[in-house]
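Asks: predicted structure and sequence below. I'll ask about it afterward.
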Amino acid sequence: MSDGLSTSFGAEAHNYELGRPDYPFEAVAWMLEPLPADSRRIADVGAGTGKLTRVLAKAPDAEIVAVDPDAEMLATLRGAIPGVPTFLGTAERLPLPDASLDAVVLGQAWHWVDPVRGSAEIGRVLRDGGVLGLIWNIRDERVDWVCRLTAIMHGSHAEVMLAEGGPEVAPPMGALEEQSWEWVRPITRELLHRMAASRSYIITASDDEKLRIRHDMEALFEELGLDGDATIDLPYVTRAFRSRKS
């Protein structure tokens, strides 16, 4: 979680918070399902603006900490979810004690992680039997206009990884289990532009490339008749994975 793309999001923290969808509660609950009812010390790693942190905080008696390499993203998180302790760090280098957590979760983040180093470090901070949860919201490209939108914006690291077989973990983490959920998010033209602006490829693109992407998105939205405050249903598939420390 240390290359330039993975630490580029702070410049677009506001667009990330507005443009990215929240996670379905059912998917987050499934990741934590193996934990005993009284085991709720959880770290959200790669927490960003707190999209996943916000859902985790709904769990009864949960004690949440948020870790991210970008100070600007964490500042946005603290404003949105007061009271959650935040720390600068990465999955490969966590500023947390040994065997201090029941679960570590990452939302839209494991594709930035070295799976061997990240698994070893997460294994260090987890108690025996602790859970690693990985989750992504992925636009459903079986829908034609969504497929065309992705072609305009370029596929993300996450989309490529999931299409090629999914995430990998290493010892001491055990085999991954997977579940998926399909849902739709009503979204406006403005929020689609904000979502695009929060993507690492576009944040780090040249000004000419940013203009090209915006122009092509505008042409697509005109074709769809998406104007003003009108919304269109953007279909998502949430893919969640869980692994226990062996």
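Replies: Sure thing, it's come through.

Asks: center of this structure - which residue?
Replies: Relative to the mean C-alpha position of the chain, the nearest C-alpha, by CA atoms, centre = their mean, is the one of Q108, at 2.3 Å.

Asks: contacts for the helix or strand of the chain with the lowest mean pLDDT, please.
Replies: Considering only helices and strands, the least confidently modelled element of the chain by mean pLDDT, DSSP states H and E is helix 13-19, at a mean of 75. In this structure, residues lying in contact with helix 13-19 by CB atoms under 8 Å, 6 or more residues apart in numbering are 9, 48-51, 70, 72-73, 75-76, 80, 191-198. Using the backbone N, CA and C atoms, a C-beta is placed for each residue, glycine as well.

Asks: D22 - how many residues pack around it?
Replies: Applying the criterion other CB atoms under 10 Å, we find 13 residues in the vicinity of D22.

Asks: tell me the buried residues in the longest helix along the chain?
Replies: Among the elements of type helix in the chain, defined by DSSP state H, the one spanning the most residues is helix 207-224. Along helix 207-224, these residues count as buried under the neighbour rule (16 or more other CB atoms under 10 Å): 213, 217, 220-221.

Asks: swap in stretch 63-75?
Replies: Taking 16+ other CB under 10 Å as the neighbour-count basis, stretch 63-75 is seen to contain the buried residues 64-70, 72-74.

Asks: can you check stretch 32-40 too?
Replies: For stretch 32-40, a neighbour-count test (16+ other CB under 10 Å) marks 32, 34-35, 39-40 as buried.
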